[in-house]
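In: sequence plus predicted model, see below.
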Amino acid sequence: MTNRTLLLIALVCGTLAAGCAFLWIQGVSRHNESVLLVRLKPEVRLNHGDRPTRDQLTEVAVPAQFENIVGSAIPHNELALSWLTSRAASEPVPQGSILLYQHFRDEPGPSLAQRIGAGKRAVAIPVAGASTVGYFVEPESFVDVVGTFMEPPRADDPRGGGRLVTRTLVESVRVLAVGNSSTVGAYLRQGPGSSYGIVTLEMDPLDAQKLIFAQTAARGGLTLVLRNPADTGRVTLPVVDWDRM
């Protein structure tokens, strides 16, 4: 063989070896990843109709590669625990079991239309991850709605032309649904970090009109600012423009 042929063979072998090493490393990395799930403590079992309490629960780390378990099991996080401890077991659950969604019933509630408060309206707006606090906005959250607009010229503005401003449109608005999920349980079943393209909000009819108008004028869409549910206060905020920046 010529030196050139040997060099080509060496390059091919090196490339194959690098590819195999990469795939092996990826496999090891995937194997080492784990997900925290909820399980009953070893001495605890649930009967049909029992509601679990937090002191009966613990966490267990399961390799992420076991997707058949991870996808149907309840994750160990605050949202899931709040949902879980408000539900009754739909069947007996043995001691120390990893808890699955099928173990608990999400009580059928009223339809979305029936959940709208008296004198209120439901309005859906398009959203993305960046405009929903990374999809942490969920059913029954409370949010402010903020947008950036090019205001028309004002007669008293010596600079003339329009002005780019960011303003809060409505405050402390209740989230009725995200995507097709109108309950926390339904949202949890989609899995952590699930994405959606629509959020449905409850608001006064006039605010609904304002929001629909704002959607046509907002630059880059509207942004939802997540609130602590206990924070129900409202403040009068000035618009933000380049002068305030």
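Out: Nice, I can see it. Residues are numbered from 1 along each chain as shown.
In: low-confidence bits of this protein, can you list those?
Out: Across the chain, residues meeting the criterion (pLDDT under 70) sit at 1-32, 65-71, 105-109, 155-161, 191-194.
In: in it, which spans are helices?
Out: 3-32, 67-70, 78-84, 112-115, 184-189, 205-217 (DSSP state H).
In: next one: the third one to chain centre, how far?
Out: Spelled out, it's helix 78-84. 14 Å (CA atoms, centre = their mean, to the nearest Å).
In: domain assignment for the protein?
Out: For the chain, the structural domains run 33-103, 112-227, going by automatic domain parsing.
In: the ones you listed: which one's closest to Gly233?
Out: Nearest to Gly233 among the domains of the chain is domain 112-227; the distance by CB to CB comes to 7.9 Å. Where you see a C-beta, it was placed from the backbone N, CA and C, and this is true even at glycine.
In: thinking again about what came up before, could I get the domains of the chain as CSV with mean neighbour count and distance to Arg244?
Out: Putting the domains of the chain into CSV (neighbours: other CB atoms under 10 Å; distance: least, CB to CB, whole Å) gives the following:
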stretch, mean neighbour count, distance to Arg244
domain 33-103, 15, 35
domain 112-227, 16, 9
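In: include distance to Val235 when you put those into TSV, please.
Out: TSV is the format used below for those (distance: least, CB to CB, whole Å):
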stretch	distance to Val235
domain 33-103	27
domain 112-227	8
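In: nearest to Met245, out of those domains?
Out: Per CB to CB, nearest to Met245 of those: domain 112-227, 9.6 Å.
In: once you drop chain neighbours, what's closest to Leu222?
Out: Computed as CB to CB, 6 or more residues apart in numbering, the closest residue to Leu222 that is not its neighbour in sequence is Gly147, at 4.6 Å.
In: so that neighbour touches Thr216, yeah?
Out: No. Gly147 sits out of contact with Thr216 when judged by CB atoms under 8 Å, with a separation of 10.7 Å.
In: thought Ser195 was touching Gly129?
Out: Yes. Between Ser195 and Gly129 there is a contact at 6.5 Å, judged by CB under 8 Å.
In: now do the shared contacts for these two.
Out: Listed as contacting both Ser195 and Gly129 by CB atoms under 8 Å, 6 or more residues apart in numbering are Tyr135.
In: so how far is Leu46 from Asn77?
Out: As for Asn77, its distance to Leu46 is 20 Å (criterion: CB to CB, to the nearest Å).
In: and Gln190, by the same measure?
Out: From Gln190 to Leu46 the distance is 24 Å (CB to CB).
In: same question for Val93.
Out: 4 Å.
In: give me the common contacts of these two.
Out: Common neighbours of Val93 and Leu46, using CB under 8 Å, 6+ apart, are Leu40, His103.
In: longest strand anywhere in this structure?
Out: Counting residues, the longest strand in the chain under DSSP state E turns out to be strand 163-178.
In: off-centre distance for that one?
Out: Worked out by CA atoms, centre = their mean, strand 163-178 lies 18 Å from the chain centre.
In: likewise for stretch 36-45?
Out: Relative to the centre of its chain, stretch 36-45 is centred 26 Å away, using CA atoms, centre = their mean.
In: please renumber so the chain begins at 754
Out: New numbering, starting at 754: the last item is stretch 789-798.
In: so how far does it reach from one end to the other?
Out: 20 Å (CA to CA, to the nearest Å).
In: tell me, what residue is most central in this structure?
Out: In the chain, the centroid-proximal residue (CA atoms, centre = their mean) is Tyr888; its distance is 3.0 Å.
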